[in-house]
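>>> Build me a structure from this.
(chains A and B)
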Amino acid sequence: MGFWRKVLAITWKDALSEVRTREVVSSVLVFALLVIVVFNFAFGTRQEVVTAIAPGLLWVTFAFAGVLSLNRAFIPEKEQGCLEGLMVCPVSRGAIYVGKMLASLLFMLVIEAVALPIFAFLFNLPVLSLQIIVITILTTVGFVAVGTLFSALAVNTRAREMVLPILFLPIVVPIIIGAVESSGLALSGKAWADLSSWLQIIAAFNVIFLAVSFLVFPFVIEE
Amino acid sequence: MTDNGESSHASPGWAIQTQGLIRSFGDHFALRGVDLEVRRGERVVIFGPNGAGKTTLIKVLSTILNPSSGRVMIGGLDLKSHAEEARYRIGVVTHHTYLYGNLTAYENLQFYSRMYDVPKARERIHDVVAMVGMTSRLHDRVGTLSRGMQQRLSIARCLLHKPAIILLDEPETGLDPQAVPMVWRALEAEGGTEPSIVLTTHNLERGFELGERLLILAKGQIVYQKAKQALSLAELKQAYQDYAAGGEWDSGAKF
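Below you'll find the model as predicted:
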């Protein structure tokens, strides 16, 4: 119980800070919407073209928005040495990781919740289906699980805006492929059974990388 | 080792014990075999020039950094196996405030009281804020406070959970001269049970005034230590000149 109380305290602190500043959600949301609009102009609205490329467009948008969002995850902790402040608290390093990860997950889900209906409207596609929502949540969990770890790693580097995507995107390629493939199947009206193998791959990725990130995080912040 | 993590070798009278503490960064040795013992309730002041290893020592004692080798005991708990438990006993103040600028003073202290499981947190927050004279700014965002006010708030943060061991790394950064005695009164009066205090500073006069035992750290080693009763300020200054300030300083020397 103590573990989760402290995890939620960290998440609450990040959420409260974000409510005050709107640094992450508002700027990343604007970025995501601009990308969607640019894609809309670039590829037009011909239904057969849009249906074929929409899954890719959607996940390129979310992946880049996610990188931008995660780049900011540990910056508040660097100011006034707050990460050290967390490290001297009687809480496991793993709890710090989970708390930061949940905050990033919350921000990403808010961004996606706004971006998805606009994507649906501009491309006239049924992306607000239960299948796409489940795929989005599942993929975002894995994306943020890995991204939080690499964000902690990159925050101490001088060119962190470059370092994070270079380290992080190759690792999440399997999950993005899974998301694109399963989204494509969902948009073409397939049943849950047809998506299940991709969803299982994404879920397996999530479990493995959550566990690995949880175990590796203490070494990342201590050294 | 007992069930609660207290070492059978640790003396119950010691708040801090380090044995052969070494900490390196690559091939640079910041601490080179530090043996430090601090009694419960004792005030130890550590002097040393830049690069002597003072901040590294505080970071190891506060569990921010792991030792490269050697043993560290906090309140009888071995940090290797019981770091999380030992952190309940430690309060830390450095030149970094550990405060979030976008949150108010109250929200910062509320956050840290949750992290330390502080009972009756609301009352405790008001108590510690009053101790450092910040009650009127309790609901202001930390980012709007002056550097000195932030440092006072940082001391309130450190006192929230009534730590038995207070580690202070240059804590007077940004404090105006009038605020310093008030802050020290707060630290000394904390909790009714006298905490052990380890202070690092460049300020020989201030350190001499506050300490019961005075140490000089140079090139990652304790090169001098004496009880204050056996020492005058002039002797301390001479010792500092001899051991720390004299000669060519080589902070990057290999071990």
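>>> How far off centre is the longest helix along chain B?
Across chain B, the helix with the greatest residue count (assigned by DSSP state H) is helix B:147-159. Distance of helix B:147-159 from its chain centroid, counting by Cα atoms, centre = their mean, to the nearest Å, is 14 Å.
>>> Who are the packing partners of whatever helix or strand comes next after that helix?
Downstream of helix B:147-159, the next assigned helix or strand under DSSP states H and E is strand B:165-169. Counting contacts by 3 or more Cβ pairs under 8 Å, 6 or more residues apart in numbering or on different chains; DSSP states H and E, strand B:165-169 is packed against helix B:54-61, strand B:90-93, strand B:196-201. In this view, the C-beta of every residue, glycine as well, is placed from N, C-alpha and C.
>>> Please identify the buried residues of the last one?
Same thing as strand B:196-201. B:Ser196, B:Ile197, B:Val198, B:Leu199, B:Thr200, B:Thr201 (16 or more other Cβ atoms under 10 Å in any protein chain shown).
>>> which residues sit in contact with the third one?
Okay, so that is B:Val198. B:Ile16, B:Val38, B:Val44, B:Ile46, B:Ile58, B:Leu61, B:Ile165, B:Ile166, B:Leu167, B:Leu168 (Cβ atoms under 8 Å, 6 or more residues apart in numbering or on different chains).
>>> picking up where we left off before, and the buried residues of strand B:196-201 as a markdown table, adding distance to B:Gln178?
Shown next, in a markdown table, are those (distance: Cβ to Cβ, whole Å):
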| residue | distance to B:Gln178 |
| --- | --- |
| B:Ser196 | 27 |
| B:Ile197 | 21 |
| B:Val198 | 25 |
| B:Leu199 | 20 |
| B:Thr200 | 23 |
| B:Thr201 | 18 |
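>>> quick check, nearest of the residues you listed to chain A?
Set against chain A, the nearest of the buried residues of strand B:196-201 by Cβ to the nearest Cβ is B:Val198 (13.8 Å).
>>> so what pLDDT did B:Thr193 get?
B:Thr193 is assigned a predicted lDDT (pLDDT) of 65.
>>> ditto for B:Gly101
94.
>>> burial measure for it, as a count.
As a burial measure, B:Gly101 scores 19 neighbours (other Cβ atoms under 10 Å in any protein chain shown).
>>> Assumed it was part of a helix.
No: going by DSSP: H, G, I helix; E, B strand; the rest coil, the assignment for B:Gly101 is coil, not a helix.
>>> anything in the lowest-mean-pLDDT helix or strand in chain A near chain B?
Least confident helix or strand, chain A: helix A:75-78 with a mean of 88, by mean pLDDT, DSSP states H and E. Yes: judged by Cβ under 8 Å from any Cβ of the partner chain, helix A:75-78 comes into contact with chain B at A:Pro76.
>>> Which other helices and strands does that helix contact?
Secondary-structure packing of helix A:75-78 (3+ Cβ pairs under 8 Å, 6+ apart): helix A:82-87.
>>> now the helix it packs on: how far from the chain's centre is it?
Using Cα atoms, centre = their mean, the offset of helix A:82-87 from its chain centre is 24 Å.
>>> Show me which positions of that helix end up buried.
If you call a residue buried by 16+ other Cβ under 10 Å, then helix A:82-87 has these buried ones: A:Cys82, A:Leu83, A:Glu84, A:Gly85, A:Leu86, A:Met87.
>>> near chain B too, which of those?
Checking those against chain B (Cβ under 8 Å from any Cβ), the matches are A:Cys82, A:Glu84, A:Gly85, A:Leu86, A:Met87.
>>> okay if I get those as CSV plus pLDDT?
Compiled in CSV, those are given as follows (pLDDT from 0 to 100):
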residue, pLDDT
A:Cys82, 94
A:Glu84, 94
A:Gly85, 95
A:Leu86, 96
A:Met87, 95
